[in-house]
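J.: Dropping a prediction and its sequence here:
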Amino acid sequence: MVNFTTQASIPITRWPAALNSCLPTDLIVCQAEAVPLSFHARYGAKSKTYQYIVSRRRWPDLFLRRFSYHYPRSLQLEPLRTAAAFLVGEHDFKGFSAAGSSVVTTVRRLDRVEVAEQGEEIFFTLTGNGFLYKMVRNIVGTLLWIGEGKKEPRLVKAILTEGDRRRAGPTAPPQGLTLLKVEY
């Protein structure tokens, strides 16, 4: 979802074709509609849902490599899910934010943190009222540590309480992350 103001006389139904003719091939406009001037695509969102895919296959999948993090390690899902449950609710997520962020507050509310296994892939799905820069990737990196047995699930509670990014796991790479849905 994006928004912009224009003086162009292009009919609303023709905007997708007009924009697609000049956008790179990995961006596609599917629909256009007129909205009030007060609408803002980023700040008007009530909730967002992100999904992060981790592939535990022995070898990287040629077709998934751009959309998942190849992580061929053994993971225990129960400790990982226990740790994920600590993230639900309103917390200060400073310990899971990227350094140098210029946000007014690092307090966010996560309504859902789900860990699902399908074959050799693990799907992390997070829904909340907002996310900090690299927050999902930092959470996933920490949960992977816990799933490997390198840390205990209670580490998540400590990171939320202390706000110390240095205690969290490494930032998971970007290719596993997808913004699934934005609710207005």
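T.: Received it, and whenever you're ready, just let me know what you need.
J.: how's this structure carved up into domains?
T.: For the chain, the structural domains run 1-43, 47-183, going by automatic domain parsing.
J.: Quickly, which of those bottoms out on average pLDDT?
T.: The weakest mean pLDDT among those belongs to domain 1-43, with a mean of 92.
J.: And that domain, end to end?
T.: End-to-end distance of domain 1-43 (Cα to Cα, to the nearest Å): 12 Å.
J.: Likewise for stretch 39-47?
T.: One end of stretch 39-47 sits 15 Å from the other (Cα to Cα).
J.: one step back: could you redo the domains of the chain as TSV and give each row mean neighbour count?
T.: No exception for glycine: its C-beta is placed from N, CA and C like everyone else's. What follows is those, written out as TSV (neighbours: other Cβ atoms under 10 Å):
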stretch	mean neighbour count
domain 1-43	10
domain 47-183	17
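J.: Check which element follows the longest strand belonging to the chain along the chain.
T.: Scanning the chain for the longest strand, with DSSP state E as the assignment, gives strand 107-118. The first helix or strand that comes after strand 107-118 along the chain, using DSSP states H and E, is strand 121-128.
J.: chain center to that following strand: distance?
T.: 8 Å (Cα atoms, centre = their mean, to the nearest Å).
J.: Output the contacting helices and strands for it.
T.: Secondary structure elements in contact with strand 121-128, counted by 3 or more Cβ pairs under 8 Å, 6 or more residues apart in numbering; DSSP states H and E, are strand 47-55, strand 107-118, helix 135-148.
J.: So which of these is nearest residue 168?
T.: Comparison of the helices and strands packed on strand 121-128 against residue 168 by Cβ to Cβ identifies helix 135-148 as nearest, at 4.6 Å.
J.: moving C-terminal of the closest one, what's the next helix or strand?
T.: Going down the chain from helix 135-148, the next helix or strand is helix 155-162, by DSSP H and E.
J.: Run the angle between that next one and strand 107-118 for me.
T.: Here helix 155-162 runs at an angle of 170 degrees relative to strand 107-118 (axes from the mean of the first three to the mean of the last three Cα atoms, to 10 degrees).
J.: Going forward, count from 13.
T.: Let's use 13 as the start, then, which means that last one is helix 167-174.
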